[in-house]
Structure formats: structure tokens, C-alpha cells
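Novice: mind looking at a prediction? Sequence and model below.
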Amino acid sequence: MNSSTVRMTTAQALVRWMTAQRSELLDGTEVPLFAGVFGIFGHGNVLGLGSALHAVRDELPTWRGQSEEGMALAAVALARATDRRQVMVATSSVGPGALNMVTAAGTAHANRLPVLLLPGDTFTGRAPDPVLQQVEHYGDPSTSVNDAFRAVSRYFDRITRPEQLIATLPQVARVLTDPADAGPVVLALPQDVQAEEFDFPLAMFATRRHRPPRPRPDADDVAAAARRLLAAERPLLVAGGGVRYSGAGRTLVELAERHGVPVVDTPAGRTLLPHDHPLYGGPLGIIGSASANTLAGEADVVVAVGTRLQDFTTASWTVFADEVSVIHVNAARFDAVKHGGQGVVGDARAALADLEVALGDWRVDPAWSARAATERAGWDEHVDRLRSGAAPDGSLTYAQVVGVVNDLSGPEDYVVASSGGVPGELHGGWRSGVPTSRPTSGSTMDLEYGFSCMGYEVAGAWGAAIGRATTHPDGVVTSLLGDGSYLMLNSELYSAAFAGHPFVAVVCDNGGYAVIHRLQVGQGAEGFNNLLADCAGPGAADDLRVDFAAHARALGCHVEDVHGGVEELRTAYERARKTARTERRPVVVVCRTDPSSWTESGAWWEVGVPAGLSGRAGYEEAKTRQLRWLAETR
């Protein structure tokens, strides 16, 4: 060791590097890049990494979860809640603990969200092999279960020598902070290597401030996109998640206002525009609105900003007109070249600013501009009717539940959903107010519909509550979920209660996997294995149901158990919001919802429909439209 190096273990070096990394929020405020660590310790990480984290616990807090998947999903949600400007770490032991995080890595990958996963790994020395929880591969002793992460990682490395950190950590930071590459990073850490010492250069621990780059697009690409728009009669802007992460919401609205272009949004780009803006046409896609889908079906040029155009956004590529021209504005070239569109590769805010200059004084026909408000008004009336009408059996509908939460939420609040029937009600029916002026993009929603991971809703609310505690101290995080998601992954309610991280979880008990039951019977199949009533075992009681209120109370949560209608729910939810803020722990609101009342946009979604089912004819008709569109756009 000399004056330019410091001797420490691999784990100590990794942790010291993490504490030196800083990040810049959208308003320029500096914060730690790594907001903290979620950890469950075992024989693969308790002594090496665990000891290193203990030494910096006041600077880099470590929170203990109850499941590795839950912790990693909470980390994913924190990344979105901070607009990808902060990263959470999740660490596990070897074997099953590590594999439990693979689903969360897939969630982060699909949603382009940065997270650092540090699974423990088996010994590189191999002297004690096979060790507890090791899976042996007969033909390749270098393989471990952590190789399963390769398919769901943006960057994967196995650290087999301490000095490898010197080369790999800059790449880790690059992937975690680059808008084009953002996603999960996995560093597999063999437990013997974690404890090995090395003389690390002091320079690698210098404080580094990361500001995500804003690459400007190629001028010729901007000019080509402008020419397409200048020739358009019915242009449409689609706001995706990239608008949010770039902080480009205001820029997009200004472009739309100057030129009169209607705007619709994707699940990831939701709530960036006030609902009552005259150019807002509503949410796009299968779980979106008939208003936005109508505009998309008539548009002759679509500018897709910061979206990967997933099937739920494009209605499996049937929502756009056959003759439409698509312009992709995206930080990732991978997304910008899809379906033969005109690619404009660059930061959303920078690209929109350049496009604004290129368009000059061009304006859209006022009649087309006015269509946004007209179509949306019709959709609003439809949602109002759904919110005001009770379900056939007198229970609450999802539309009513979302309406209550929406009415009582403000611009400092944040709502989370992911799977089941809730996303359709939230994307299609939520009405956002004036975007917050806090140092974020202004988004007030985490609609995880890239992976639609069941169980994300509880863990995600925990991560969002941590991520927004500083920037939105007066806001409330609310998660909406069904009974199926609650049963799949609920243990992080205890983690949040134990740690004092408050949020509200509204659990809608509709008796099973009702949204998949709807898909099943809606295509002509018989109900099977989805609603609890259709899958009870021999001798099981028909009325056997989970007491969600008692269960949540046992996990340390306050509980509001709603048995009545909208007004009882409103009172309970309002009380839950206050309790979460004052008691600093989760509050679970349990309500009974109808399994057959839904908000429908009318768009098509491609699923395999066998011959013989009543839905096959509709499938073939829509499939013909889809293939015609794909053929004409290439």
C-alpha cells in the first residue's frame, strides 16, 4: 500500500464507491445516487457485504425486507418514483435468495428502470463445493444460478477478483444513469471474493456527480421529421415514459400548444398533462380510452415520444390508421427504428426543442385540435356514469374505487398499480390535476404495465414511499391492488411498518383473478381456475375467503375494513390518509368489489384464441387488420 492506494476488502471497496456517487435531480439538486440498500443476509453476503454495509449504515441506510423479490421490486419502484435519478440496491444470499430477485430484474428490464442487484455467489476457490444452496452443473463448474440473471440484466458481471471492480464500476454507473441503457445491473459476488483484500487506488473513491446526458438528435433526422409533420393534416403526439424521465413534460405541452397538436399518453407517461387541458385526448391503448384510440385511428402522423410502443399501447398494432406515418423520438436507437418509422434519436426534451424550431409557425387545422377536448369529454361522461352506478350485486366497482382515490388525491400524492383489473381503471379513468412543482418530472403515477408484475403493488408502494419522502414530504403514496396480488406478495407490508415508511394500500377483494376470468369467458371459454368459485378443491367451503383485514393487522398495519358503498369507502380512505401520515406506517383499506364490472376502451388485444371458441371470429378479423398495418408500414 502507498499514499495513492488503500487496502480493503472487495465488499468494502464496493460500498465505499457507492457512497461516493452523487446524482442530479431534474431541478439541479444534488442527492446520493444510491438511496440505500435492501438486504436479506445469508451465508453468501452476511459477513463480507454485510459487515461493509454496517460500517456505513448512517450514510447508506440498509433496510431489511421479508422476501428478496419484494425488496428488489421496491428498489424498482424507487427508481421510477425518483424519475430514474436515484438507485436502490438489493442484496441476497446465494441460491434461492438470489433467484428470488430474477422476477424483479425482469420488471426493471421491461420498464427500463435502474436497479443494482448484488446476489451472493458460491466460492470461486471451489474447495468446499458443493456448498449449501449450490446448484451443480455437470458440464460447466463456472456456472451458478446467478447466470439466470443474464437474460434480465442490462449489465451482468461476476466479480472473481477484487481488482475487477476497478474496470466494472464505471460501467455500472454508466448503465444506471444513461437514459438509453437504463436498466438492472447485476454484480454476482462470490462470498470468498467479498472478503479478499486488495490495494485499491484512492482515485476510484473520489466523489462523482452523475447528470444523465441530454444528447441532441441528428439535425437531418429532425429536419426529416419536421417535413413529415409539416405535411400532416391530423398529427398526434404520444407522451411516453421517456418524457417523464427527461423532464420534458412542459416542453411537450408547449410544442403542442404552439402548433395545436392533440396529445395522448401511455401508461408510463401518464399524468404529465392536466386532465382538462384542451389538447389532451386521453390515455391511449387497450386499457386507455375510446377518445385517445379514436384520435389515433384518424391521425396521419404520430409522434411517439419516449415510448417503446408496447402492445397495450398500440392495441397489438391495430389502434393506428393503415396509412399513418410514425416518428419515433427516443433516447434508445433500438426503439427509434421500430416498424419503419422515422427515428429521431436523442433526449426527449432536447429533441422536442429542436423539432419546435424546425416547425416554425406551422399550425394544425383548429378543427383537428378541437377534437381532443371533444372526444375526451365523451369519454369523461362514460367514466362518470361508471363511477355513479353500483355493480349488479350492489358492491363497489373498480371505477368507483379509483374515483374515490382520485377525488381525494392532490398533486403531491402518488398512486401505484401493476396487475389485474386495476391498471385498466387507473389508466383509463384517472384524472390528473396541475403537475407538481417539486423537483421531479411532475408525474404522480407509477403504473407498472411493462411487466405487469403481480405483487409489485405492495413492494412498489414501499419503495415509492422511501423515494418520495424527501421531495414530497406532505404527499401520500397509495397502492391499488386486487386480492390476487395481495396474496402473491404481501410481506413487505411488515417491512414498511417495521421501518416506519407510510403508505395506503387499497385492497379490492373480488374473489380471485377476475380480470383473467373476464378474458377467459369473454372469448367463449368456460370459467376455470381463476375465480375462487371455479377452483375450489373437493370438500372446500364455498364461502372460504381470506380475512384481509385481520391479516394486514397482523403485519403491523392500521386497517380500514369497508363493507358498504362509495361513501363508506370515501370516509375510510380519507381517514387512512391521515393515519398513514400521523402514525408513519402503512394503512390497508379492504373493500369488496364486483368481479364483472369494468371500464372498456373497445381496443383489441391479441391473445391466442383456439378454433371452436366464440371469440375466434373476432380474432381473425382483428388479426387481418394488424397484418395489413404491419405490411404497409415496412
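Specialist: On my side now, so go ahead. Owing to the predicted nature of the structure, the values given are computational and were not obtained by experimental measurement. Numbering: from 1, shown residues only.

Novice: use CA for all of it now, contacts and neighbours both
Specialist: OK.

Novice: and the helix or strand of the chain with the lowest mean pLDDT, how far out from the chain middle?
Specialist: Averaged element by element with mean pLDDT, DSSP states H and E, the chain has its least confident helix or strand at helix 616-632 (a mean of 89). Centroid displacement of helix 616-632 relative to its chain, using Cα atoms, centre = their mean, to the nearest Å, is 30 Å.

Novice: give me the helices and strands touching it, please.
Specialist: The helices and strands touching helix 616-632, judged by 3 or more Cα pairs under 8 Å, 6 or more residues apart in numbering; DSSP states H and E, number zero.

Novice: secondary structure class for residue 162?
Specialist: With DSSP: H, G, I helix; E, B strand; the rest coil as the basis, residue 162 sits in coil.

Novice: before we move on, what about residue 400?
Specialist: When classified by three-state DSSP, residue 400 comes out as helix.

Novice: for it, which non-adjacent residue is spatially closest?
Specialist: With sequence-adjacent residues excluded and distances taken as Cα to Cα, 6 or more residues apart in numbering, residue 400 is closest to residue 387, at 4.6 Å.

Novice: show me which positions of the helix or strand harbouring the one you found end up buried.
Specialist: Here residue 387 sits within helix 366-388, counting by DSSP states H and E. With burial defined by 16 or more other Cα atoms under 10 Å, the residues of helix 366-388 counted as buried are 368-373, 375-377, 379-380, 382-383, 386-387.

Novice: number of nearby residues for the closest residue to residue 53 other than its chain neighbours?
Specialist: Leaving aside its sequence neighbours, residue 53 sits nearest to residue 15 (Cα to Cα, 6+ apart; 6.7 Å). For residue 15, the count of nearby residues is 18 (other Cα atoms under 10 Å).

Novice: kindly report the same for residue 219.
Specialist: Neighbours of residue 219 using other Cα under 10 Å come to 14.

Novice: shouldn't residue 116 be in contact with residue 188?
Specialist: No. At 10.6 Å, residue 116 does not count as touching residue 188 under the criterion of Cα atoms under 8 Å.

Novice: pLDDT score for the nearest residue to residue 424 once chain neighbours are set aside?
Specialist: Excluding the flanking residues, the one nearest residue 424 by Cα to Cα, 6+ apart is residue 287, at 4.4 Å. You'll see residue 287 listed with a pLDDT of 95.

Novice: that older thread, show me what the helix holding residue 387 is packed up against.
Specialist: Under the contact definition 3+ Cα pairs under 8 Å, 6+ apart, helix 366-388 sits against strand 280-283, helix 290-298, helix 398-408.

Novice: so which of those is the most packed in?
Specialist: strand 280-283 (a mean of 32; mean count of other Cα atoms under 10 Å).

Novice: tell me the strands beside it, with direction?
Specialist: Applying DSSP bridges, strand 280-283 is found paired with strand 263-265 (parallel).

Novice: if I look at residue 226, how far off is residue 173?
Specialist: Using Cα to Cα, to the nearest Å, one gets 35 Å for the distance from residue 226 to residue 173.

Novice: pick out whichever of residue 116 and residue 188 has more residues nearby.
Specialist: Neighbours per residue, other Cα under 10 Å: of residue 116 and residue 188, the larger number sits with residue 116, 27 against 24.

Novice: go ahead and confirm residue 343 touches residue 337.
Specialist: Yes. Counting by Cα under 8 Å, residue 337 is a contact partner of residue 343 at 5.6 Å.

Novice: more neighbours: which of those two?
Specialist: Legend: neighbour count by other Cα under 10 Å for residue 343 and residue 337, higher for residue 343 (26 against 17).

Novice: what strand or helix carries that one?
Specialist: Secondary structure (DSSP H and E) places residue 343 in strand 342-345.

Novice: partners of the helix or strand hosting residue 90, with directions?
Specialist: Element membership for residue 90, per DSSP H and E: strand 87-92. Sheet pairing for strand 87-92, assigned by DSSP bridges, gives strand 34-39 (parallel), strand 115-121 (parallel).

Novice: grab the CA positions of that strand and hand them over as CSV.
Specialist: Extracted in CSV, the C-alpha atoms of strand 87-92 (Å, rounded to 0.1, in the frame of the first residue of the first chain):
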residue,chain,number,x,y,z
VAL,A,87,-31.0,3.9,-7.4
MET,A,88,-31.7,1.4,-4.7
VAL,A,89,-29.5,-1.7,-4.1
ALA,A,90,-30.9,-5.1,-3.2
THR,A,91,-28.6,-7.9,-1.9
SER,A,92,-29.3,-11.6,-1.1
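
Novice: and it, how far from the chain's centre?
Specialist: For strand 87-92, the distance to the chain centre is 17 Å (Cα atoms, centre = their mean).

Novice: residue 609 and residue 360, how far apart?
Specialist: For residue 609, the distance to residue 360 - Cα to Cα - is 49 Å.

Novice: compare these two (neighbour count), which wins?
Specialist: When neighbours are counted by other Cα under 10 Å, residue 609 comes out ahead of the other of residue 609 and residue 360, with 18 against 12.

Novice: would you mind measuring from that one to residue 239?
Specialist: 32 Å.

Novice: okay, strands next: where are they in the stretch 51-200 of the chain?
Specialist: Per DSSP state E, counting those that start in this stretch, the stretch 51-200 of the chain carries strands over the ranges 62-64, 87-92, 115-121, 155-158, 184-190, 197-201.

Novice: most centrally placed residue in this structure?
Specialist: Closest to where the C-alpha atoms of the chain average out (Cα atoms, centre = their mean) is residue 448, at 3.4 Å.

Novice: correct me, but it touches residue 417?
Specialist: Yes. Taking Cα under 8 Å as the definition, residue 448 is a contact partner of residue 417 at 6.3 Å.

Novice: now do the shared contacts for those two.
Specialist: Shared contacts of residue 448 and residue 417 (Cα atoms under 8 Å, 6 or more residues apart in numbering): none.

Novice: on that earlier part again, contacting residues for the residue nearest to the centre of the chain?
Specialist: 111, 267-268, 416-419.

Novice: among these, which lie within helices?
Specialist: residue 111 (DSSP state H).

Novice: in the stretch 51-200 of the chain, which spans are helices?
Specialist: Using DSSP state H, counting those that start in this stretch, the helices assigned to the stretch 51-200 of the chain run over residues 68-81, 96-99, 102-111, 164-177, 191-195.

Novice: tell me which of these is the most buried.
Specialist: helix 68-81 (a mean of 31).

Novice: list the buried residues of the helix or strand harbouring residue 550.
Specialist: Here residue 550, judged by DSSP H and E, is contained in helix 548-554. For helix 548-554, burial by neighbour count (16+ other Cα under 10 Å) applies to 548-549, 552-553.

Novice: after that helix, which helix or strand is next? Please name it.
Specialist: Remark: after helix 548-554, the chain's next helix or strand is strand 558-561, criterion DSSP H and E.

Novice: now that following strand: average pLDDT?
Specialist: 98.

Novice: I'd like the numbering to begin with 25 instead of 1 from here.
Specialist: Yep, numbering from 25; the last one is strand 582-585 now.

Novice: next one: residue 560, what pLDDT does it get?
Specialist: 69.

Novice: can you check residue 462 too?
Specialist: So residue 462 comes in at 46 (pLDDT).

Novice: are any of the contacts of residue 472 buried, and which?
Specialist: For the contacts of residue 472, buried by 16+ other Cα under 10 Å: 135, 291-292, 440-443.
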